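>>> Can you look at this prediction? I've put the sequence above it.
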Amino acid sequence: TYDQNGNAIGQITLPTESWHGNGYEITVTQVLQVPLPLIPPASPTYATYSGLNLSGTWTSPVCGDDRDQLTPEYVTYGADLFPTCFEFISGVTYAFQFSSASQNFPFSTQMNRDDTNKNDHPNWAILRVSMLNGSLSVQMQYGQQITINSGYRSPKVQSTKGHPHDRHIHGDAVDIATTQGNYTRMRNSALQASSHQTCVEDFATAAADCKKQNPQCNPYNHVHVDWRRVASPPPTAPCSANWMK
């Protein structure tokens, strides 16, 4: 207990806590206190998608921030993934929890760059540990600093590229910046870094996708690498048949 100035002037006996089966009860000198049942918070007005509820896929829009708008994009754009609030990571958490990766691949300029550029959801991204470790491994194999053009993409951003199920929305893919002169070296570095786990896009596939999006596109400006093979559960779509594994 405290006086009016906040000074401790005495102690009281703490209550005895016990579990009685039908609710949490606190007994203090024969007084029984039972809290009211928990009432879920009201869903935002944009939560109009089937399955986005606490009893369904655990993708209920109750994160309390703009993840409540990001999560439903996976339904709106027909993605093959239904993430929970806790699968997303903020830039602050990324820098604190994955300091080595964040020092080499900053959140807003590399790992979440597409969303940042398009002002979609710049504060949140899915960044799988397999991808972060894999990117560092590619850099080690390459022998010098590499730059990631794009890491995570939201379904809305990814849909503009014509591949709504691309691994970027899963948070286990990166496009590593390169040039025509260094393309083969960069791609080989990705293959040699962890070939038993990595999917590395071949040039023919990259060129075809590039031309489909923009006739002026330069297919030599990046190497797509992803770590879908270590996803849990594994995806139904393996590396493309003409990708070296």
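Received it, and whenever you're ready, just let me know what you need.
>>> drop to CA atoms for contacts and neighbour counts, all remaining ones
OK.
>>> ranges for the helices of this structure?
Along the chain, the segments classed as helices by DSSP state H run 67-70, 73-76, 91-97, 99-104, 113-117, 129-142, 155-159, 183-193, 203-213.
>>> So which of these has the densest surroundings on average?
Each of the helices of the chain was assessed for mean neighbour count using mean count of other Cα atoms under 10 Å. The highest is helix 155-159, with a mean of 21.
>>> got the CA coordinates for that one in CSV?
The C-alpha atoms that make up helix 155-159 are tabulated as CSV, following Å, rounded to 0.1, in the frame of the first residue of the first chain:
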residue,chain,number,x,y,z
PRO,A,155,-0.5,-10.0,-53.3
LYS,A,156,-1.7,-6.7,-54.7
VAL,A,157,1.7,-5.8,-55.9
GLN,A,158,2.5,-9.3,-57.2
SER,A,159,-0.8,-9.4,-59.1
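>>> Take the helices of the chain and lay them out in a markdown table including mean pLDDT and distance to Ile169.
Below are those laid out as a markdown table (pLDDT from 0 to 100; distance: least, Cα to Cα, whole Å):
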| stretch | mean pLDDT | distance to Ile169 |
| --- | --- | --- |
| helix 67-70 | 85 | 11 |
| helix 73-76 | 89 | 9 |
| helix 91-97 | 93 | 17 |
| helix 99-104 | 95 | 19 |
| helix 113-117 | 87 | 11 |
| helix 129-142 | 94 | 12 |
| helix 155-159 | 90 | 6 |
| helix 183-193 | 92 | 20 |
| helix 203-213 | 85 | 17 |
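>>> Mind putting those helices into a markdown table with distance to Phe82?
Formatted as a markdown table, the entries for the helices of the chain read as follows, by distance: least, Cα to Cα, whole Å:
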| stretch | distance to Phe82 |
| --- | --- |
| helix 67-70 | 11 |
| helix 73-76 | 6 |
| helix 91-97 | 21 |
| helix 99-104 | 26 |
| helix 113-117 | 18 |
| helix 129-142 | 18 |
| helix 155-159 | 11 |
| helix 183-193 | 28 |
| helix 203-213 | 25 |
